[in-house]
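S.K.: Need a 3D model of the sequence below.
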Amino acid sequence: MKKIILNDTQFWDWMDGDNKYYRAGLVGYTDMIVKLIGHTDYLSRMSNQGESLEHSKIMNNLSLIMPRRYFLEVQYCAKAYATLFGKFFPTLAVYVDQLAYIEWLLYTEPDNPGYRDHLVHMFKVAFVCEHFLSVDYLLTKVVDSQFKSEHFLAWCDMQEIKVAAWSPEIKVKVVKIALFLAGLLHDFGYGYYFHSKYKNKRHPSFCSLHFFNIDGCQPLAVSR
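M.R.: Alright, predicted model coming up:
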């Protein structure tokens with residue numbers, strides 16, 4: 001079996017679209033998704049959405065307080081997300097700088113001392129996934145298992161997706177893209193977790209003031 005060796009240099013080459021080591025890379029997967037879903041021209045005007053982060057007030061503020069090296073990594077990945085979202089999830093593209101903001105808040109939360117990066121991490125997971133699938137034996141096993149899954153086939157039937165008519169090439173692309181997107185999106189719930197955690201913390205204190213109607217707190221009538 002092919003030996004897989006991964007390091008940070010290879011990861012950033014992958015992010016840059018350097019195909020010296022890889023079959024696809026980040027740029028290659030983006031193009032693959034566009035071609036597969038048939039949206040070659042879809043929202044092409046937003047494909048450079050990452051450039052707007054250069055003028056983001058949030059990113060400018062973060063650049064002043066975050067460790068420089070980590071800020072540059074987060075900024076780079078935020079631009080990559082903005083470009084991807086500009087093509088596939090346009091409603092999210094304008095909020096990418098807030099992902100970076102939440103990431104920093106999670107790092108600095110006193111009640112969460114063991115927090116570790118999740119923004120850059122998601123790209124790294126996608127990078128590792130591509131390397132696993134670069135091994136022909138593993139790719140064959142994954143594709144075979146996926147298209148024999150009773151749960152998956154039942155879902156396809158419900159959606160009226162005729163997977164039986166798909167060519168082997170299309171099946172391979174679907175599995176690769178699914179794993180790629182799973183890597184890029186699997187930790188997106190951390191922002192909601194953070195919001196919910198802080199809502200629970202502030203809720204009792206605000207309610208105790210009796211002046212605010214916040215998250216279900218009913219204000220007391222104030223007599224004059």
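
S.K.: from here on, contacts and neighbour counts on C-alpha atoms
M.R.: OK.

S.K.: Please identify the buried residues of stretch 183-197?
M.R.: Using 16 or more other CA atoms under 10 Å as the test for burial, stretch 183-197 gives 183-184, 190-191.

S.K.: show me where pLDDT drops low in this protein?
M.R.: Scanning the chain for pLDDT under 70 picks out the ranges 1-2, 17-25, 27, 34-52, 201-224.

S.K.: SS state for the closest residue to Leu181 other than its chain neighbours?
M.R.: Spatial nearest neighbour of Leu181, excluding adjacent residues (CA to CA, 6 or more residues apart in numbering): Ala126 at 7.4 Å. In three-state terms, and counting by DSSP: H, G, I helix; E, B strand; the rest coil, Ala126 is helix.

S.K.: follow-up on the earlier one: tabulate the buried residues of stretch 183-197 (JSON lines), appending distance to Ala100 and secondary structure.
M.R.: Listed next are the buried residues of stretch 183-197 as JSON lines, based on distance: CA to CA, whole Å; DSSP: H, G, I helix; E, B strand; the rest coil:
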{"residue": "Gly183", "distance to Ala100": "17", "secondary structure": "helix"}
{"residue": "Leu184", "distance to Ala100": "15", "secondary structure": "helix"}
{"residue": "Tyr190", "distance to Ala100": "12", "secondary structure": "helix"}
{"residue": "Gly191", "distance to Ala100": "10", "secondary structure": "helix"}
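
S.K.: now, the most widely separated pair of those residues?
M.R.: Greatest spatial distance in these: Gly183 and Gly191, 16.6 Å, computed using CA to CA.

S.K.: Trp104: neighbouring residues, count only.
M.R.: Applying other CA atoms under 10 Å, we find 18 residues neighbouring Trp104.
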